[in-house]
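K.L.:
Give me a model of this one.
(one chain, ligands or ions: 2)
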Amino acid sequence: MGSETFDTHSSRYAVGLMSGTSVDGIDAAVVQITDCPDGKMSVKLIAFENTPFPAAVREDIFALFDPLKATVNKIGSMNVLLGELYAEASLSVITAAGLTNADIAVIGSHGQTIYHAPEASKLHGYEIHYTVQIGEGSVIAARTGIPCVSDFRPADMAVGGQGAPLVPFTEYLLYREAHRTLLLQNIGGIGNMTVIPAGCTQEQVYAFDTGPGNMIIDGVVERLYPGQQTMDTGGAIARKGRIHEGLLQLLTQEPYYTQPLPKSTGREQFGSAYIDWLLAYAKQQNMIAEDVVATVTMLTAWSIGDAYRRYVRVHDPADVLLVGGGGSYNPVMIEFLRQEMEPMGVQVMTQEEIGQSSDAKEAVAFALLADYTMKQQPNNLPNVTGAARPIIMGKISY
Ligand SMILES: Nc1ncnc2c1ncn2[C@@H]1O[C@H](COP(=O)(O)OP(=O)(O)OP(=O)(O)O)[C@@H](O)[C@H]1O
Ligand SMILES: CC(=O)N[C@H]1[C@@H]2OC[C@@H](O2)[C@@H](O)[C@@H]1O[C@H](C)C(=O)O
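P.N.:
Ligands and ions are numbered 1, 2, ... in the order given. Okay, the predicted model is just below:
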């Protein structure tokens, strides 16, 4: 199907699916996309659902993050299982929107990242950059009868990009303002910041991963409260703790924070081995659990403030930091962020405070990215990812 048969003149519905590095579940959104006469687009959220992964599935996905355990049969079968779960999530959110499959033009599915290696390695004399997202698009298309766009990141990497972050493309379309410089901060498993200078063009947007978002918090909570909790809900644990300056200082020495842009990161850097090392230090210092959780919560807030000071402030003093992702539901995180940002003149607000949804934002983005794939229009931002040129990302399963 060419772009001539994908009707972009009227309003259309698309489904976006996201399951992120936290592995908490599947975010599914139905959006209505309308092209406006001024060349802009309006994107309206019609329905949103979050379906948590069953605990056993989550455990099996985590096993795939360890290259020694991620055997080809385990990856292959999980690829298909996730395709099935994504299809079910799509069917459910379409029903919640009061629509039928025939109403939906496309499903955009991010998939589950199991490995992200944007820096070069050598293989038989070739320079290799790769990233692996699973959740078979062919299964989603077959179960729903709707074309599915999946596996977006490799196209950006094929032209020299990091393959991440991708959401800034849609953030420019949806959030830009003439008179205010905005920082859009996602706090998912990983944290990522998009800088949208006041009145900027698409080429002037820049973005990067700030480091861990909730990944370390979730990791230490799971280890310190085994079988009880997988996250610090509402910041209840951190609130009872105190910042341990020694641990905080140690963690801020991580070289990723000073790495030049473009940069992106993941569980390869801030996953299980990192948590082991951090907890060994905490034990040696006789730290109590609450202090460990408070300190790693502060680390995320510090890393965002540090990134702003290091990469942004001089050129683009910002007016507001808009926080999305699951971290915006942690009031202690938001408090720490205010302590970091407000003395620099940056107001901190959550997506909810501006009438949007912290949860739905990335799923909405993948619906919109898929819309561009179907229109055969580029949907990466070379200035953000470091790609050599604009390219159409995504693989289409009819
Ligand atoms: N009520 C809450 N209180 C505290 N933390 C929360 C709450 N809700 C969600 N979170 C945190 O947010 C995380 C999920 O965030 P989100 O769904 O944005 O991540 P993701 O999309 O998986 O990650 P990424 O954006 O890195 O791909 C949870 O693992 C948890 O740490
Ligand atoms: C490889 C990968 O899955 N990266 C994610 C991750 O989670 C947050 C951050 O790191 C971001 O770079 C990216 O996701 C969002 C959706 C993005 O591409 O914008």
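
K.L.:
Next up, the contacts around the residue in the stretch 101-250 of the chain positioned nearest to ligand 1.
P.N.:
Of all residues in the stretch 101-250 of the chain, Gly188 sits closest to ligand 1, at 2.1 Å by CB to the nearest ligand atom. Yep, even glycine has a C-beta here, placed from its N, CA and C like the rest. Applying CB atoms under 8 Å, 6 or more residues apart in numbering, one finds that Gly188 lies in contact with 20-22, 213-214, 325-327, 362.

K.L.:
and ligand 1, which of these contact it?
P.N.:
Among those, proximity to ligand 1 is found for 20-22, 213-214, 325-327, 362 (CB under 6 Å from any ligand atom).

K.L.:
ranges for the strands of the stretch 201-350 of the chain?
P.N.:
Remark: strands assigned in the stretch 201-350 of the chain by DSSP state E, counting those that start in this stretch are 206-212, 320-324, 347-350.

K.L.:
which one of those strands has the most crowded surroundings?
P.N.:
strand 206-212 (a mean of 27; mean count of other CB atoms under 10 Å).

K.L.:
which residues are in contact with it?
P.N.:
Contacts for strand 206-212 (CB under 8 Å, 6+ apart): 164-165, 168, 171, 185, 189-195, 254, 256-257, 261-265, 270, 296, 299-300, 303-304, 307, 311, 381, 383-384.

K.L.:
Can you tell me which of the residues you listed are classed as buried?
P.N.:
Applying 16 or more other CB atoms under 10 Å to the contacts of strand 206-212, the neighbour count classes 164-165, 168, 171, 185, 189-195, 254, 257, 261-265, 270, 296, 299-300, 303-304, 307, 311, 381, 383-384 as buried.

K.L.:
Intersect the residues you listed with the contacts of ligand 2.
P.N.:
Okay, of these touching ligand 2 (CB under 6 Å from any ligand atom), that's 164-165, 189-190, 192, 264.

K.L.:
Could you pick out the residues of this protein near ligand 2 for me?
P.N.:
Going by CB under 6 Å from any ligand atom, the residues of the chain near ligand 2 are 20-21, 113, 116, 131, 164-167, 186, 188-190, 192, 209, 264, 266, 362.

K.L.:
can you tell me which of those are in helices?
P.N.:
Within the residues of the chain next to ligand 2, residues falling in helices by DSSP state H are Glu362.

K.L.:
In strands, which of the ones next to ligand 2 among the buried ones among the contacts of strand 206-212 appear?
P.N.:
Applying DSSP state E to these, the entries found in strands are 190, 192.
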